[in-house]
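**Student:** Only the shape, not the letters, is given here:
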């Protein structure tokens with residue numbers, strides 16, 4: 001069996017029963033041009049952040065999504081801002097040391113959910129009354145809100161300050177009671193419209209195909225948001241043989257999106273529908289969506305069994321893609337200037353990253369893996385990732401890739417004698433990616 005939804009994303013694990021019990025399934029990918037069959041280029045991380053433990057002793061911290069904030073005045077003092085679910089925000093310097101931790105909002109009443117931070121992105125040059133500032137934009141799945149944090153580069157020990165207006169509305173839920181169902185805000189990508197200077201966030205809904213566009217506005221010393229429009233991606237698909245197909249999941253759920261990124265040069269949003277593939281659509285959430293690539297599992301029928309919380313799979317009809325193994329996560333863009341560069345995506349099912357051309361119809365280029373090195377282990381089942389082509393000083397002169405590691409090593413044994421759920425982030429020099437894969441630096 002292999003999981004369709006991991007425990008980090010759903011309290012109800014769903015799996016495809018394939019007749020074999022495999023604790024981890026590594027699906028092969030098509031080799032890149034010039035590679036030998038079955039070979040995947042490997043790079044090594046040079047830095048990792050401290051381990052996060054998803055248990056009571058660890059504050060239920062579960063590393064999820066990173067955002068690389070560049071200090072344009074002092075690039076070597078840049079920060080990596082990350083989400084840790086119930087562990088809040090963790091902020092690191094380029095050496096991987098934690099410089100700040102910000103808690104999630106408390107539960108509004110006994111028995112209700114606390115905040116739970118899922119994804120983070122950035123806005124640069126937001127105009128406040130006292131001057132321009134950069135802002136971290138965060139999806140709070142636990143309370144169904146978007147939260148906003150102003151970045152003060154002059155404060156070395158507490159660079160982020162919560163500037164979320166107290167009146168911000170729920171993003172998807174009609175009532176606070178509905179929030180407890182946790183069909184709430186999930187993935188997030190933010191951007192500034194180049195023609196108007198207005199700031200936006202695109203958010204997705206957990207267990208649902210819905211995307212929503214929010215406009216982010218300054219309100220005195222705080223920030224607030226208002227909804228602009230919603231967009232529903234497909235929940236089912238007509239296959240070439242004429243049959244209808246939808247990814248197998250628990251009743252009431254439809255294929256959700258988490259990883260998203262906006263290409264501000266083209267005005268396009270790339271959205272990873274986890275068990276379907278990568279979509280491209282206008283960042284205004286208007287017009288039609290194009291499926292750039294499908295996951296390998298696309299089209300495989302499955303029947304949900306409530307007794308086992310599993311899906312029994314039928315035969316693979318062969319309609320899936322070749323390069324991404326579900327889930328597709330961690331979308332990010334390497335900006336090489338003038339619209340050139342790469343779209344990267346995390347292929348969770350085989351622990352690789354996929355590179356597509358940023359231009360045109362986004363043709364596939366290669367897969368690579370962040371492998372274990374002599375001092376830092378690799379990345380497995382990566383959720384969030386971000387890449388930047390900017391220079392960050394001598395350590396990362398041509399760019400930085402930060403990826404989540406869903407199974408950080410070595411294992412740490414808890415009081416119950418079992419390994420603790422252990423995650424963190426790995427920092428990879430883009431020079432190493434370029435050297436190993438042939439992608440331009």
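**Tutor:** Happy to help now that I have it. As the structure is a computational prediction, the values presented were derived from the model and not from experiment. Numbers count the residues shown, from 1 in each chain.
**Student:** can you pull out the strands in the stretch 301-441 of the chain?
**Tutor:** 302-305, 310-313, 328-337, 340-347, 352-357, 364-371, 385-388, 400-405, 422-429 (DSSP state E, counting those that start in this stretch).
**Student:** now, of those strands, which is deepest in the fold?
**Tutor:** Of all those, strand 400-405 carries the top mean neighbour count, a mean of 27, counting by mean count of other Cβ atoms under 10 Å. (Each C-beta comes from the backbone N, C-alpha and C, glycine too.)
**Student:** and that one, what does it pack onto?
**Tutor:** Under the contact definition 3 or more Cβ pairs under 8 Å, 6 or more residues apart in numbering; DSSP states H and E, strand 400-405 sits against strand 66-69, strand 385-388, strand 422-429, helix 430-437.
**Student:** Neighbouring strands - and their directions - for that strand?
**Tutor:** strand 385-388 (antiparallel), strand 422-429 (antiparallel) (DSSP bridges).
**Student:** now those in JSON lines, with distance to residue 258 and mean pLDDT?
**Tutor:** Below are the strands paired with strand 400-405 laid out as JSON lines (distance: least, Cβ to Cβ, whole Å; pLDDT from 0 to 100):
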{"stretch": "strand 385-388", "distance to residue 258": "12", "mean pLDDT": "99"}
{"stretch": "strand 422-429", "distance to residue 258": "15", "mean pLDDT": "99"}
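**Student:** need the contact list for residue 241.
**Tutor:** By Cβ atoms under 8 Å, 6 or more residues apart in numbering, the contact set of residue 241 is residue 317.
**Student:** how about a cut-off of 10 Å?
**Tutor:** 299, 317-319 (Cβ atoms under 10 Å, 6 or more residues apart in numbering).
**Student:** After the helix or strand of the chain with the lowest mean pLDDT, which helix or strand is next?
**Tutor:** The weakest-scoring helix or strand in the chain, judged by mean pLDDT, DSSP states H and E, is strand 14-17 (a mean of 36). Per DSSP states H and E, the first helix or strand lying C-terminal to strand 14-17 is strand 41-44.
**Student:** So which elements touch that following strand?
**Tutor:** strand 352-357, strand 364-371, strand 422-429, helix 430-437 (3 or more Cβ pairs under 10 Å, 6 or more residues apart in numbering; DSSP states H and E).
**Student:** please redo it, this time with the cut-off set to 8 Å
**Tutor:** Secondary-structure packing of strand 41-44 (3+ Cβ pairs under 8 Å, 6+ apart): strand 364-371, helix 430-437.
**Student:** Give me the contact list for that strand.
**Tutor:** 32, 35, 366-374, 376, 378, 428, 432-433, 436-437.
**Student:** what does stretch 125-132 give?
**Tutor:** Here stretch 125-132 makes contact (Cβ under 8 Å, 6+ apart) with 133-135, 150, 192, 199, 218, 220-221, 223.
**Student:** try it again with 7 Å
**Tutor:** For stretch 125-132, the surrounding residues in contact (Cβ atoms under 7 Å, 6 or more residues apart in numbering) are 133-135, 199, 218, 220-221.
**Student:** So which bits of stretch 67-74 are buried?
**Tutor:** For stretch 67-74, a neighbour-count test (16 or more other Cβ atoms under 10 Å) marks 67-71 as buried.
**Student:** Out of these, the closest to residue 47 would be?
**Tutor:** Set against residue 47, the nearest of those by Cβ to Cβ is residue 68 (12.6 Å).
**Student:** Which residues are in contact with that closest one?
**Tutor:** With Cβ under 7 Å, 6+ apart, residue 68 has these contacts: 78, 80, 386, 388, 400, 402.
**Student:** switch the cut-off to 8 Å
**Tutor:** 78-80, 386-388, 400, 402.
**Student:** sorry, back to before: residue 93: which of the contacts of stretch 125-132 is nearest?
**Tutor:** residue 134 (16.2 Å).
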